[in-house]
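**Q** Give the three-dimensional model of this entry:
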Amino acid sequence: MTTSTLFAQTQTPQHSLQAIWQHIDALACEALYDELSLENKPGLVCPSSNGSHTDMNHQTFIDSITSLQGYFATLSQFGYDHSPFDDIKNQGIYQEAKMRQATHNINTHKGAIFNLGFVCAAIGRCIQTGIALTAHNICAQLVERWQVDLNTRLTRDPNSHGQKIFKQYGITGAIEMVANGFEIIQAQVLPCLYETMYRTQDFEKSSMQTLMLLISVLSDTNIVWRGGIEDLKMAQHLATQFLQAGGVYQRDWRQQVNHINQYFVQHNLSPGGSADLLAVTIFLYKVENEFNHPI
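**A** Numbers count the residues shown, from 1 in each chain. Predicted coordinates:
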C-alpha cells in the first residue's frame with residue numbers, strides 16, 4: 001500500500017489532513033530554499049552573490065520565503081475542498097501583497113506564488129479523489145480542473161512585461177505553463193533531475209544540470225525583458241553548449257558554470273522563469289518521493 005492510497009476522502013480524518021497540508025507546505029518552502037541555496041546560478045541570487053540584481057539579495061529571498069509559510073497549506077486545502085477559482089486567485093493576490101510587505105515591495109516570488117500555489121491546489125484535488133501523488137497526476141489535475149479558467153478568467157495587464165513580450169515576440173508565460181500542466185517539466189526537466197540524481201547521488205549537481213536544461217529550452221521572459229530576443233538565444237546557446245560538453249559530469253563543471261554566470265551578470269541577464277520552474281521541479285520530485293513509497 002502507498003501513502004496515496006490512504007488519502008481517499010472517506011478514510012482521512014480532518015486532523016490527518018491538516019498534517020498533510022502542513023507537510024506539503026514545508027516541502028514547497030524547502031523547494032524554494034533549495035533553489036535559492038544553489039550557488040553560482042547564472043545571473044540569479046544565491047547565498048554568496050546577488051547575480052544580476054541590484055535590488056535584492058539572499059536575505060530578501062529568505063524574508064520572502066518566510067512570508068509564504070502557510071500559503072501552500074491553504075491552497076492544498078482549497079484544492080481538496082473544490083474551492084472556486086476566484087478563491088484561489090484572491091488568495092494568491094493576498095499572498096503577493098504579504099510577500100511585498102516582507103520584501104519592501106520587491107518581487108521575489110510572484111512566480112512561485114502562482115506556480116506552486118496551483119500545484120498545491122492540484123495536490124489537494126488528487127488527495128480528495130484518492131489519486132496517487134505523481135507529477136503526471138498532479139499536472140493532469142491542473143489541466144482538467146483549471147485550464148479553462150486560467151486561459152479565460154485571468155485579466156492580462158497589457159502593460160505587464162509578459163504581455164508586452166507576448167505581443168512583440170509571441171512568447172507565452174507562466175499562465176500558459178500552468179494551464180498546460182507544465183508539459184516541459186513532465187517531458188524533459190523532471191526526468192533530467194531524476195537521471196542526474198541516479199547517476200551522481202548529488203543534489204547540487206542534479207539541481208544545476210536541471211537549471212541549465214531549463215535555460216537551454218525555455219523562452220524565459222525574464223531574459224527577454226532584461227535583454228532582448230538575441231540575449232535569449234545567446235543564453236540558450238551557452239546552456240546548450242554546457243550540456244553538450246557533459247554538463248555537471250565534467251570535472252571542471254563549476255568553472256564552466258561560472259563563465260556563464262559572468263556572462264549573464266555582465267549583460268544584466270537573469271533567468272527568473274527558469275529559476276521558478278526549477279523550484280516547481282524540485283517540489284514535484286520531493287512530493288513524488290515523500291508520498292509514493294511503500295509503508
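**Q** for the stretch 1-150 of the chain, which spans come out with low pLDDT?
**A** Along the stretch 1-150 of the chain, the model assigns pLDDT under 70 to residues 1-13.
**Q** what about the helices in the stretch 51-200 of the chain?
**A** 58-68, 71-80, 85-102, 110-129, 135-141, 147-152, 161-169, 174-179, 183-184, 190-200 (DSSP state H, counting those that start in this stretch).
**Q** where's the closest residue in space to Q69 that isn't next to it in sequence relative to A174, distance?
**A** Among residues not flanking Q69 along the chain, C29 sits closest, at 5.9 Å (C-beta to C-beta, 6 or more residues apart in numbering). C-beta here means a position set from N, CA and C on the backbone, and glycine is covered the same way. Using C-beta to C-beta, to the nearest Å, C29 is found at 19 Å from A174.
**Q** now do T200
**A** T200 is 30 Å from A174, by C-beta to C-beta.
**Q** Which residue of those two possesses the greater neighbour count?
**A** In terms of neighbours (other C-beta atoms under 10 Å), A174 is the more surrounded of T200 and A174; the figures are 19 against 14.
**Q** Could you tell me which residues make contact with that one?
**A** With contacts defined as C-beta atoms under 8 Å, 6 or more residues apart in numbering, A174 is in contact with 111, 114-115, 162, 273, 276.
**Q** how many neighbours does D55 have?
**A** 12.
**Q** Pretty sure it sits against T108.
**A** No: using C-beta atoms under 8 Å, D55 is not in contact with T108; the gap is 9.9 Å.
**Q** and K89, how far is that from Q188?
**A** In terms of C-beta to C-beta, K89 sits 29 Å off from Q188.
**Q** I'd like the distance between the closest residue to Y169 other than its chain neighbours and D220.
**A** Distance criterion C-beta to C-beta, 6+ apart; nearest residue to Y169, sequence neighbours excluded, is I229 at 5.9 Å. According to C-beta to C-beta, I229 and D220 sit 11 Å apart.
**Q** re the thing from before, please render the helices of the stretch 51-200 of the chain as JSON lines that adds distance to N40 to the earlier fields.
**A** Formatted as JSON lines, those follow (distance: least, C-beta to C-beta, whole Å):
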{"stretch": "helix 58-68", "distance to N40": "13"}
{"stretch": "helix 71-80", "distance to N40": "28"}
{"stretch": "helix 85-102", "distance to N40": "25"}
{"stretch": "helix 110-129", "distance to N40": "21"}
{"stretch": "helix 135-141", "distance to N40": "27"}
{"stretch": "helix 147-152", "distance to N40": "34"}
{"stretch": "helix 161-169", "distance to N40": "26"}
{"stretch": "helix 174-179", "distance to N40": "25"}
{"stretch": "helix 183-184", "distance to N40": "23"}
{"stretch": "helix 190-200", "distance to N40": "16"}
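**Q** State the distance from I165 to Q22.
**A** I165 is 37 Å from Q22, by C-beta to C-beta.
**Q** Looking at the two now, which is surrounded by more residues?
**A** Taking other C-beta under 10 Å, I165 and Q22 do not tie; I165 has more neighbours (20 against 15).
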